[in-house]
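[1] heads up, no residue letters with this:
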């Protein structure tokens, strides 16, 4: 962390402990409510018109020469050729790869970009009318979940894990339908899956055994997309555009 970043970080902590007058708090929070509402309205308006989509999650730091970058690109191409739109976080890395695959296959390429002081910027493969910029993470996550009919998760960091467990929780608690959740990369995810099985389930009994069926772990692009296609073939459903 640079000196400027440390200074900004310390200022945020200081402000959190400052006493503020009630009118100031009320005014600030009230304006934030309108900002949140505007992000929901824009997201709903754009995404409701796109059609069946799959959200693809993964690291912003993955380089184009990484095997997972190519996997994300291939997955998005196969989905797009089958008629599904692709939703990503709009940034570089895995997100860029997925948007690139969708774009090159002639599919709908959606980017839900988050404004950050570092790292995140929109990639060049998002459809110009399907790029949405968010200030609030929680609004962005609602859009990921509400408008996707499946979730494909490639290797990533804290943000990717956050999105993964959001999807798992919503399916587990039946707040959304039992949409397919596919983790790509057995080498990457095996440690997490083992911990869930041995500690979360067997040792602490914090989930049910059937919760392990909510997600699948695969290695190839075709395996990932076949999970999506197989799931919807059971319901005789396919994209309608």
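    Alright, I've got the coordinates. As the structure is a computational prediction, the values presented were derived from the model and not from experiment.
[2] drop to CA atoms for contacts and neighbour counts, all remaining ones
    OK.
[3] wait, isn't residue 63 in contact with residue 69?
    Yes - Residue 63 lies in contact with residue 69 (CA atoms under 8 Å); the separation is 6.8 Å.
[4] neighbour count winner among the two?
    Set residue 63 next to residue 69 and count neighbours by other CA atoms under 10 Å: residue 69 wins out with 23 against 16.
[5] pretty sure that one contacts residue 93?
    Yes - counting by CA under 8 Å, residue 69 touches residue 93, with 6.8 Å between them.
[6] any common contacting residues for those two?
    62, 63 (CA atoms under 8 Å, 6 or more residues apart in numbering).
[7] from the centroid of the protein, which residue is nearest?
    Central residue of the chain (CA atoms, centre = their mean): residue 57, 4.4 Å from the mean position.
[8] that one and residue 124, how far apart?
    Separation of residue 57 from residue 124 (CA to CA, to the nearest Å): 17 Å.
[9] what touches both of residue 63 and residue 69?
    Shared contacts of residue 63 and residue 69, counting by CA under 8 Å, 6+ apart, come down to residue 93.
[10] how much space separates residue 61 from residue 69?
    Residue 61 is 10 Å from residue 69, by CA to CA.
[11] flag every buried residue along the longest helix anywhere in the chain.
    If you go by DSSP state H, the chain has its longest helix at helix 22-47. Across helix 22-47, burial judged by 16 or more other CA atoms under 10 Å covers 39, 40, 43, 47.
[12] out of those residues, what pair is the most spread apart?
    Farthest-apart pair in the buried residues of helix 22-47 is 39 and 47; separation 12.0 Å (CA to CA).
[13] just the strands in the protein please.
    Here the chain has its strands, by DSSP state E, at 53-57, 85-88, 109-114, 131-134, 151-153, 181-184, 215-218.
[14] among those, which is the most enclosed?
    Ranked by mean neighbour count, the strands of the chain are led by strand 85-88 with a mean of 28 (mean count of other CA atoms under 10 Å).
[15] which residues of the chain fall in helices?
    Under DSSP H, the chain gives helices at 3-17, 22-47, 67-81, 94-104, 137-146, 158-172, 186-195, 221-233.
[16] please identify the deepest-packed of those.
    helix 94-104 comes out most buried of the helices of the chain by mean count of other CA under 10 Å, with a mean of 28.
[17] next one: it to chain centre, how far?
    Relative to its parent chain, helix 94-104 has a centroid offset of 14 Å by CA atoms, centre = their mean, to the nearest Å.
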